[in-house]
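In: next input, structure requested:
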Amino acid sequence: MELNRTQLFSAFALALLLMSHSVEAIHPRPRICHSPSHLYHGPCNNRKCVEVCHHEHFTGGYCSRKVVVRDLMDENLIRRKRKPYCECTIRCDHSPPPPSEVPEPPPSQGPPPPNVMPAGKVSGGTNH
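Out: Just a heads-up that it's a prediction; the model follows:
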């Protein structure tokens, strides 16, 4: 039994579709979570928004003008536009940002904790 061109094309298209679907399963797109910035003030500017979001330990940010719905159960469903505000973004998989994006803690200037012993000294035992 020979396959005609239509059957061959259909089989090829189905195989291609299955392969593309499996690639998506292997490398799924990361989900992006959004949160309004708590530190940004003033008129929204995308560049400044990104800088503030990085300071808040997010991976990115942008100016958003989402529509606010007052009450979902209300028959009149009042919608109003908001002023642009800074919306920060981060991957939802709860993985920490890459090391280059994590700020280093400032060096401590104080004395070491009182229970720390200098290297090479042992306490609690007697040498005979």
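In: ok, which stretches of the chain are helices?
Out: With helices called from DSSP state H, the chain shows them at 5-26, 46-55.
In: which one of the ones you listed lies closest to Arg91?
Out: Proximity to Arg91 (CB to CB) singles out helix 46-55 among the helices of the chain, at 13.2 Å. Every residue, glycine included, has its C-beta placed from N, CA and C.
In: in that closest one, what counts as buried?
Out: 48-50, 52-54 (16 or more other CB atoms under 10 Å).
In: which elements pack onto that helix?
Out: The contact analysis (3 or more CB pairs under 8 Å, 6 or more residues apart in numbering; DSSP states H and E) places helix 46-55 against strand 60-64, strand 85-91.
In: let's see stretch 36-46 as CSV, backbone CA atoms only.
Out: Below are the C-alpha coordinates for stretch 36-46, written out as CSV (Å, rounded to 0.1, in the frame of the first residue of the first chain):
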residue,chain,number,x,y,z
PRO,A,36,3.5,47.2,42.0
SER,A,37,6.7,49.0,43.1
HIS,A,38,6.6,50.2,46.7
LEU,A,39,9.4,52.7,46.3
TYR,A,40,8.7,54.4,43.0
HIS,A,41,7.1,57.9,43.2
GLY,A,42,6.3,60.5,40.6
PRO,A,43,5.4,60.3,36.9
CYS,A,44,6.2,56.9,35.5
ASN,A,45,9.3,56.5,33.4
ASN,A,46,10.3,53.0,32.2
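In: list the buried residues for it?
Out: 37, 40, 44.
In: excluding sequence neighbours, find me the nearest residue to Thr59.
Out: Nearest residue to Thr59, sequence neighbours excluded (CB to CB, 6 or more residues apart in numbering): Ile90, at 5.1 Å.
In: what's across from that neighbour in the sheet?
Out: When assigned by DSSP bridges, Ile90 has beta-bridge partners Cys33.
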